[in-house]
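[1] Test case, fold it:
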Amino acid sequence: MKRITKNYLQIGFVLGLGMLVGCQNNDDNVPGTGEGSLGLAFVLGSGNNAQPSARTLTNDLEITEGFIQIKELELEMEGRDENGRFEKEFEIEFNDIRKVTFDQFDESSDFFINIPEGEYEEIELELDLIDHRNEPSIYLEGQYSGQDGDAYQVVFEYFGDDIDFEVEIEAEDDNAYFRIDRINNPLALLEINAYLWFRDISNAELDNAQKDNDVIRITRNTNNAMYSKIVNRIKASSEIEIELR
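    Coordinates of the predicted model:
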């Protein structure tokens, strides 16, 4: 496969989008409209020093894993094909809720969606989240070394369907296009840097948090002040713009 580009942005949710071109042999395709394929891959940021802006963090938390649960995808597309310019939109609702884990070494969460072949100027993608089977819409887990020398497990859980992630993919130059067809199958790499979601949380707050058997659980009903800060940070970074070179 040929790597075309990979851009890193200093924002909270998606920090990069890579375009990998070639034949993608992935049986986990999601039905859509058309013969082109656009792939979605999710990873968790490798550490709280992954981005320069993470140096402003005020805690010693290490995030180790997490997931989101997607109910449906909504796409709006502008481009051109052999018939001229087009604007299209459609929704893909999964037969089963799509649980996407954040793991740099696990490709089982990656999937491709079928879209019309053509040259694209812009694709707007909305991920609609939902809790499912008593599991939250957003789940994060990590380890915190307290100032008392003890180690604590940190768990963040968000239940509900009122947070959606919106990704806008477009060419860097005005009037430029990127192609998607049966041969050119772009893969959008969505890197979650959840450390930036916790950037407003201090060591003092974690040290003084309500704990249960060495677990700091951050939910709507437990450690609510920290929960509100994190949710506000997630919402502030839910609209993403990506430019392709």
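
[2] ok but residue 233 is inside a strand, no?
    No: assigned with DSSP: H, G, I helix; E, B strand; the rest coil, residue 233 falls outside any strand and is helix.

[3] which one is residue 217 nearest to, not counting chain neighbours?
    residue 155 (4.9 Å; C-beta to C-beta, 6 or more residues apart in numbering). To be clear about C-beta, it is placed using only N, CA and C from the backbone, and glycine gets the same treatment.

[4] any idea how far that neighbour lies from residue 141?
    5 Å (C-beta to C-beta, to the nearest Å).

[5] Which one's more surrounded, these two?
    Each of residue 155 and residue 141 has its neighbours counted (other C-beta atoms under 10 Å); residue 155 has more, 18 against 15.

[6] what packs against the host helix or strand of the more buried one?
    Assigned by DSSP states H and E, residue 155 belongs to strand 151-158. Contact here means 3 or more C-beta pairs under 8 Å, 6 or more residues apart in numbering; DSSP states H and E; on that basis strand 151-158 packs against strand 138-145, strand 215-218, helix 224-236.

[7] can we see that at 6 Å?
    Contact analysis of strand 151-158 by 3 or more C-beta pairs under 6 Å, 6 or more residues apart in numbering; DSSP states H and E lists strand 138-145, strand 215-218 as its packing neighbours.

[8] For the longest strand seen in the chain, buried residues please.
    Secondary structure of the chain per DSSP state E: the longest strand is strand 61-81. If you call a residue buried by 16 or more other C-beta atoms under 10 Å, then strand 61-81 has these buried ones: 61, 63, 66-75, 77-79.

[9] And these, which is closest to residue 98?
    Taking C-beta to C-beta as the measure, residue 70 is the one of these closest to residue 98, at 4.2 Å.

[10] where does this protein have low pLDDT?
    The chain contains residues with pLDDT under 70 at 1-32, 45-58, 103-109, 239-245.

[11] Which stretches in it count as helices?
    Ranges of helices in the chain, per DSSP state H, are 203-207, 224-236.

[12] Check which helices and strands the shortest one sits against.
    Looking back up the chat, that one is helix 203-207. On a contact count with 3+ C-beta pairs under 6 Å, 6+ apart, helix 203-207 meets no helix or strand.

[13] pull the CA atoms of it into PDB?
    Only the C-alpha atoms of helix 203-207 are listed here, as PDB (Å, rounded to 0.1, in the frame of the first residue of the first chain):
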ATOM      1  CA  ASN A 203      -3.700  15.500  40.500                       C
ATOM      2  CA  ALA A 204      -5.400  17.100  43.500                       C
ATOM      3  CA  GLU A 205      -8.800  16.300  42.100                       C
ATOM      4  CA  LEU A 206      -7.800  12.700  41.500                       C
ATOM      5  CA  ASP A 207      -6.200  12.400  45.000                       C
END
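
[14] what residues does it touch?
    Where contact means C-beta atoms under 6 Å, 6 or more residues apart in numbering, the residues beyond helix 203-207 that reach it are 59, 144, 146-147, 226.

[15] what two of the residues you listed have the greatest distance between them?
    Based on C-beta to C-beta, the longest span within the contacts of helix 203-207 runs between 147 and 226 and measures 16.3 Å.

[16] So the two - more neighbours on which side?
    Using other C-beta under 10 Å, the more surrounded residue of residue 147 and residue 226 is residue 226, with 22 against 11.

[17] returning to what we had before: neighbouring strands - and their directions - for the strand holding residue 155?
    Strand 151-158 has its sheet partners listed here by DSSP bridges as strand 138-145 (antiparallel), strand 215-218 (parallel).

[18] how much does that strand deviate in direction from strand 61-81?
    Note on geometry: by axes from the mean of the first three to the mean of the last three C-alpha atoms, to 10 degrees, strand 151-158 and strand 61-81 are set 30 degrees apart in direction.

[19] Strand 151-158 vs helix 224-236, what angle?
    Orientation of strand 151-158 against helix 224-236 (the same axes, to 10 degrees) gives an angle of 60 degrees.
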